[in-house]
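[1] Predicted coordinates and the sequence they were generated for:
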Amino acid sequence: MTDELIIIRKDNKIITATIEDSRITGLQAENAEEKSVLGNIYIGKVRNIVKNINAAFVEFEKGKTGYLSLDMKQCPIHTDGVHYQEGRVLIGDEIIVQVEREAVKTKPPTLTGSLSLPGRYMVLVSEGGRNSISSKIRDKDIRNRLLGINSQYVTEEYGFIARTNSADAGTEEIISEIEMLIGKYKDIAGYGKHKAAFSCLYSAPPGYIGSIINSYNGRLGRIWTDDQEIYNNIKAFLGERENLLAARLGFWDNSNGRLEAVYNIPKTLERALMPKVWLKSGAYIIIQPAEALVAIDVNTGKAISKKKDVQKTFLKVNLEAAKEIAVQLRLRNLSGIIIIDFIDMEDEENHKLLMECLRHEFAKDSVQTKLVDMTKLGLIEVTRKKTRKPLYMQML
């Protein structure tokens, strides 16, 4: 079955739902009235440097400061010409930075001096000589083909990362996108040398358009919205790129029922904000996000009533829970350190089956998710890359 993206406007939020195999597996909410700074590129001014954490605090918008790690491969581009040759960042410098992560609670936005411009097939990065291929592309011939294409355009100033979608893309499509990204990068770097501090050199597209860019070519079947403004924005964005996805965009006819009701978005959103998730077996999981980590607990619930071989039941429940947890991480956009307390099992072979199941399910996630290991206490540790706020914070 093909995937679908559903985009609706609800109150003051724009909700994007990802549908996989007739189930919502991803939800994203963004403020319709307030634009996100995630992905934007600015001329920032270095206000402070904290040596013991090797970081700088950079004002990127008037009154808004972000955290910039100085433990980086390449020094940010300086727009004032000062210290550039030294490869250093000093207080008072004006540098080009990109918002890498949104602010979360008391933590400021995370900035980076390594700029990143994503397309559907390629990502241009301001890391000279970089020529990388998505780890999800395993075919050696395809990898060599993509490395060959990229090598023609890699310079000492920037490089490229081939995304998963590039595996099925034609050479002309890839080259066209690479040239578009290079043009955009040169504009940003060029404009930056003539603009004042706090200028925005590049505004990332809205989150719902980002979801379209990040979707997989082979799976995305339809993009539906019932909002005329959103429809026009998507159509214009895809039209500029002569993108094949333009043909998959549809404006929903409410005579078929309200879009949010047909796809059960309000109920799914409500459940995604609750701590308890029931499983078909009668077991359940409890999901509790905290400041430093996310704790997930698997409970047998009604699943073991009148069952003789409890170890088989424990394995069955744990495998069911593992699949559901992988979906819930995407659905709720939970990230950082995740600790999972599965039901204790005696058989070592069952532990291996559980770990294999988790690896398989996490591989479906477009956000980098790593299964670290099982601790001495039997807890499973997972890390998931942070980008946007978790869903419960997006809805505030």
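    Nice, thanks for sending it over.

[2] Residues contacting stretch 44-57, please?
    For stretch 44-57, contacts defined as Cβ atoms under 8 Å, 6 or more residues apart in numbering pick out 58-60, 65-71, 89-97, 108, 111, 197-198. C-beta coordinates here come from the backbone N, C-alpha and C atoms, glycine included.

[3] Ignoring the adjacent residues along the chain, who's closest to Thr383?
    Nearest non-adjacent residue to Thr383, counting by Cβ to Cβ, 6 or more residues apart in numbering: Lys370, 4.9 Å away.

[4] Spit out the contact partners of that neighbour.
    With contact set as Cβ under 8 Å, 6+ apart, Lys370 has these partners: 362, 382-384.

[5] Would you format these as a markdown table with secondary structure included?
    Putting these into a markdown table (DSSP: H, G, I helix; E, B strand; the rest coil) gives the following:
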| residue | secondary structure |
| --- | --- |
| Phe362 | helix |
| Val382 | strand |
| Thr383 | strand |
| Arg384 | strand |
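
[6] just the buried members of those?
    Burial by neighbour count, 16 or more other Cβ atoms under 10 Å: within these this picks out 362, 382, 384.

[7] about what we covered before: farthest pair within the contacts of Lys370?
    The span of those, defined through Cβ to Cβ, is set by Phe362 and Thr383 at 10.2 Å.

[8] shared neighbours, the two?
    Common neighbours of Phe362 and Thr383 (Cβ under 8 Å, 6+ apart) are 369-370.

[9] which residue ranges form the strands in the stretch 101-250 of the chain?
    110-112, 116-118, 122-125, 131-133, 159-162, 200-202, 220-225, 249-251 (DSSP state E, counting those that start in this stretch).

[10] Pro76 is nearest to which of those?
    Of all those, strand 110-112 sits nearest to Pro76, with 8.2 Å by Cβ to Cβ.

[11] And for that closest one, what's in contact with it?
    44, 58, 60, 66-69, 72, 97-101.

[12] Select from those the one having the most neighbours.
    Most neighbours among the contacts of strand 110-112, by other Cβ atoms under 10 Å: Gly44, with 30 neighbours.

[13] So in terms of bridging, what pairs with that one?
    Ile95 (DSSP bridges).

[14] gap between it and Val262?
    In this view, Gly44 and Val262 are 45 Å apart by Cβ to Cβ, to the nearest Å.

[15] How about Gly218?
    25 Å.

[16] cool, and Ile223?
    15 Å.

[17] Looking at the two, which is more packed in?
    Counted by other Cβ under 10 Å, Ile223 and Val262 do not tie: Ile223 has more neighbours, with 25 against 14.

[18] which ones are touching that one?
    4-5, 7, 212, 234, 245, 248-250.

[19] Kindly reformat the strands of the stretch 101-250 of the chain as CSV and extend each row with mean pLDDT and distance to Gly190.
    Converted to CSV, these look like this (pLDDT from 0 to 100; distance: least, Cβ to Cβ, whole Å):
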stretch, mean pLDDT, distance to Gly190
strand 110-112, 94, 20
strand 116-118, 94, 14
strand 122-125, 96, 15
strand 131-133, 96, 24
strand 159-162, 96, 19
strand 200-202, 95, 10
strand 220-225, 93, 34
strand 249-251, 95, 33
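
[20] Can you pull out the low-pLDDT segments for the stretch 1-150 of the chain?
    For the stretch 1-150 of the chain, applying pLDDT under 70 flags the ranges 1, 73, 81-87.

[21] Now for the nearest residue to Thr18 once chain neighbours are set aside, how many residues are close by?
    Here the nearest residue to Thr18 in space, its sequence neighbours aside, is Gly26; by Cβ to Cβ, 6+ apart that works out to 3.4 Å. Gly26 has 23 neighbours, counted by other Cβ under 10 Å.
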